[in-house]
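> A predicted structure for the sequence below; I have some questions about it.
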Number of protein chains: 2
Amino acid sequence: MATIDAPTRDRILTIASEVFYQKGLSGARMQEIADQAGINKALLHYYFKSKEQLFDTVFQRALGEFLGGIGRVLNGEVPLRAKIEQYVAYTTTALAETPALAAFIVHELQQHPERLSEQFGSGQVIDFEQFRKQLAAAGPQFQTPNAAEHFFANMVALCVYPVLAAPLLAPLMHQAGPQYRRFLRERATQITQLLLGQL
Amino acid sequence: MATIDAPTRDRILTIASEVFYQKGLSGARMQEIADQAGINKALLHYYFKSKEQLFDTVFQRALGEFLGGIGRVLNGEVPLRAKIEQYVAYTTTALAETPALAAFIVHELQQHPERLSEQFGSGQVIDFEQFRKQLAAAGPQFQTPNAAEHFFANMVALCVYPVLAAPLLAPLMHQAGPQYRRFLRERATQITQLLLGQL
DNA sequence: CTTCGCCTTAACCAACTGGTTAAATAATGG
DNA sequence: CCATTATTTAACCAGTTGGTTAAGGCGAAG
């Protein structure tokens, strides 16, 4: 889990991310982070003066990881169909590596929505207007007012939700851990087909 | 907000739900629940002997509300198309009333997945096999091993995620509160069309 | 009137938690 | 060898938090 050779500060951030992802800001304990990082509280505060500051750093990174990847794909000068394929492929594989990331962001943003605009103030992460134009060019059914919004929401929902709600969905469908992970891998092609089939 | 006339215990549960939904188990404070319910800590512990017990009651109710409604719709002796329409209509309107419910369940289940099976042990909430049969009868494209699972996951994801991730999605699509709520209302028909179009 | 269930007041406690401090010890590089 | 940085130890502190206790008020029903 913890990369032995990594400089202490990075290792702290890695471990802190794991703890914060799973337990949230209020549920995480500085002592636990220190323990799992193999250091003591004093050194933890030597690198991060407060829990708040440590959390902010972790949250900023998490948001960057989650939105940055999406932006890089969606803002590219790429035809629509390829863009969708790229988004689905990227998101599903990225989320498979850190399944708790999405739930963490959702939970913390629910309590403090302002944290989003604090970091991504006016610098919009994704160029929605470009996306809207590309979609509108794909057919008349995408020229109604909210068509682009619905398509985007569908795309994100289909990719993210099954990872986010795994502890709920898997038991409902009587799928144990490994079985469910295979199911998640299959979804990439399923989702792509469904979305491209709409164009 | 708080129904004045309701018996104290019910009012406590209502208020406690609001607080737990938004802040989670570890973020909620007994003092805050007491304050918002207009009572004092002593009386709060008079009705619920511990935070754990209060939380368990709230969580059990939340899970029942979230899954019970789904089950009632999906297990009914109803043709597939009608069932889908019912599910989408029910879920979207139910979630619109308590937007924080889904995020709460996801967050708490992430930390303690066993809480799900504790209450819904072997009594499966939804009859997945019936659903699978109905789908298989709808066409050959639904006779592959995981077809029912994918369709079900799609349906749930499309309905739940935009509510769950509202603090993330709304700003990304530059939609303020009221605008986004209108968007959510529109989705019911959008989702139904998309799902039925697949049959 | 009195009993009983609901409710308040207010003080109190122990455990937990974030954070600090000081002194000592390694490790590192110039 | 020296100065700086990284790290440990261990004690300590103050604020928060869940939970308790005892005494009493109050309305309603018998």
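Looks like it came in fine. Remember, it's a predicted structure, so these values are computed and weren't measured experimentally.
> Pull the contacting residues for A:Q124.
B:H174 (CB atoms under 8 Å, 6 or more residues apart in numbering or on different chains). For every residue, glycine as well, the C-beta is placed using N, CA and C.
> mind checking how far it is from A:L67?
Distance from A:Q124 to A:L67, counting by CB to CB, to the nearest Å: 10 Å.
> ok, which stretches of chain A are helices?
Along chain A, counting by DSSP state H, helices occupy A:8-27, A:30-37, A:41-47, A:51-74, A:80-97, A:100-111, A:114-119, A:128-136, A:147-164, A:166-172, A:177-196.
> Which one of these has the poorest average confidence?
Mean pLDDT is lowest for helix A:114-119 among the helices of chain A, at a mean of 86.
> Which residues belonging to that helix are considered buried?
Neighbour-count burial for helix A:114-119, counted by 16 or more other CB atoms under 10 Å in any protein chain shown, picks out A:115-116.
> Tell me how many other residues surround the residue nearest to A:F55 when sequence neighbours are not counted.
Nearest residue to A:F55 in three dimensions, chain neighbours excluded: A:L25, at 5.3 Å (CB to CB, 6 or more residues apart in numbering or on different chains). The number of residues packed near A:L25 is 21, by other CB atoms under 10 Å in any protein chain shown.
> Tell me the residues on chain A that lie near DNA strand D, please.
A:8, A:38-43, A:46 (CB under 7 Å from any atom of the strand).
> Pick the one among those residues closest to A:Y87.
Proximity of these to A:Y87 (CB to CB) peaks at A:T8, which lies at 35.9 Å.
> Okay, domains of chain A per the record?
For chain A, the structural domains run A:1-49, A:59-196, going by automatic domain parsing.
> and the first one, how far from the chain's centre?
Same thing as domain A:1-49. Between the centre of domain A:1-49 and the centre of its chain there are 21 Å (CA atoms, centre = their mean, to the nearest Å).
> now check that domain, is it near DNA strand C?
Yes: with CB under 7 Å from any atom of the strand as the criterion, DNA strand C is reached by domain A:1-49 at A:28-31, A:41-42, A:45, A:49.
> Show me the residue sitting in the middle of chain A in space.
Central residue check for chain A by CA atoms, centre = their mean: the C-alpha nearest the mean position is that of A:F66, 3.7 Å away.
> pretty sure A:L199 is touching A:K83, no?
No: using CB atoms under 8 Å, A:L199 makes no contact with A:K83, being 11.4 Å away.
> quick one: which of the two has more around it?
Between A:L199 and A:K83, A:K83 has the larger neighbour count (other CB under 10 Å), namely 18 against 13.
> show me what contacts that one?
Shown in contact with A:K83 (CB under 8 Å, 6+ apart): A:73-74, A:76, A:134.
> Whichever of those residues end up buried, select them in ChimeraX.
Restricted to buried positions by 16+ other CB under 10 Å, the ChimeraX selection for these reads:
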select /A:73,74,134
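> For chain B, state which of the contacts of A:K83 is nearest.
Comparing those against chain B with CB to the nearest CB places A:L74 closest, at 10.1 Å.
> Could you measure from the closest residue to that closest one other than its chain neighbours over to A:A103?
Closest residue to A:L74 apart from its sequence neighbours, by CB to CB, 6+ apart: A:I126 at 4.9 Å. Applying CB to CB, the value for A:I126 to A:A103 is 21 Å.
> More neighbours: those two, which one.
Taking neighbours as other CB under 10 Å, A:I126 and A:A103 compare with A:A103 leading, 25 against 17.
> So that one is in contact with B:I105, correct?
No: look at A:A103 against B:I105 with CB under 8 Å: they stay out of range, at 10.8 Å.
> Show the contacting residues for the residue nearest to A:S117 when sequence neighbours are not counted.
The spatial neighbour of A:S117 that comes closest, neighbours along the chain excluded (CB to CB, 6+ apart), is B:P171 at 6.6 Å. By CB under 8 Å, 6+ apart, the contact list for B:P171 reads A:113, A:116-117.
> How about A:A165?
Contacts of A:A165 were listed using CB under 8 Å, 6+ apart, and they are B:106, B:156, B:160.
> With A:L194 instead?
Taking CB under 8 Å, 6+ apart, we find A:L194 in contact with A:158, B:154, B:198.
> Just the closest of these to DNA strand D, please.
Within those, distances to DNA strand D taken as CB to the nearest atom of the strand reach their minimum at A:L158, with 37.4 Å.
> And for the nearest residue to that closest one once chain neighbours are set aside, the neighbour number?
The shortest distance from A:L158 to any non-neighbouring residue, by CB to CB, 6+ apart, is to A:I191 (4.7 Å). For A:I191, the count of nearby residues is 27 (other CB under 10 Å).
> One more: A:P145?
When neighbours are defined as other CB under 10 Å, A:P145 has 9 of them.
> Over to the one 5 residues further on?
The burial count assigned to A:H150 is 24, neighbours taken as other CB under 10 Å.
> quick one: contacts for A:N75?
By CB under 8 Å, 6+ apart, A:N75 lies in contact with A:126-127, A:130.
> cutoff 7 Å now
Counting by CB atoms under 7 Å, 6 or more residues apart in numbering or on different chains, A:N75 makes contact with A:126-127.
> what's the answer for A:E85, then?
Taking CB under 7 Å, 6+ apart, one finds A:T192 in contact with A:E85.
> Next one: it from A:C159, what distance?
Using CB to CB, we find A:E85 at a distance of 12 Å from A:C159.
> same check, this time on A:G68
From A:G68 across to A:C159, the span is 16 Å (CB to CB).
> got it, and A:A147?
According to CB to CB, A:A147 and A:C159 sit 19 Å apart.
> Looking at those two, which has the bigger crowd around it?
Taking neighbours as other CB under 10 Å, A:A147 and A:C159 compare with A:C159 leading, 28 against 18.
> wait, isn't the more buried one in contact with A:V88?
Yes: proximity of A:C159 to A:V88 meets the contact threshold set by CB atoms under 7 Å, at 5.9 Å.
> which residues do the two both contact?
Applying CB under 7 Å, 6+ apart, one finds that A:C159 and A:V88 are jointly contacted by A:I191.
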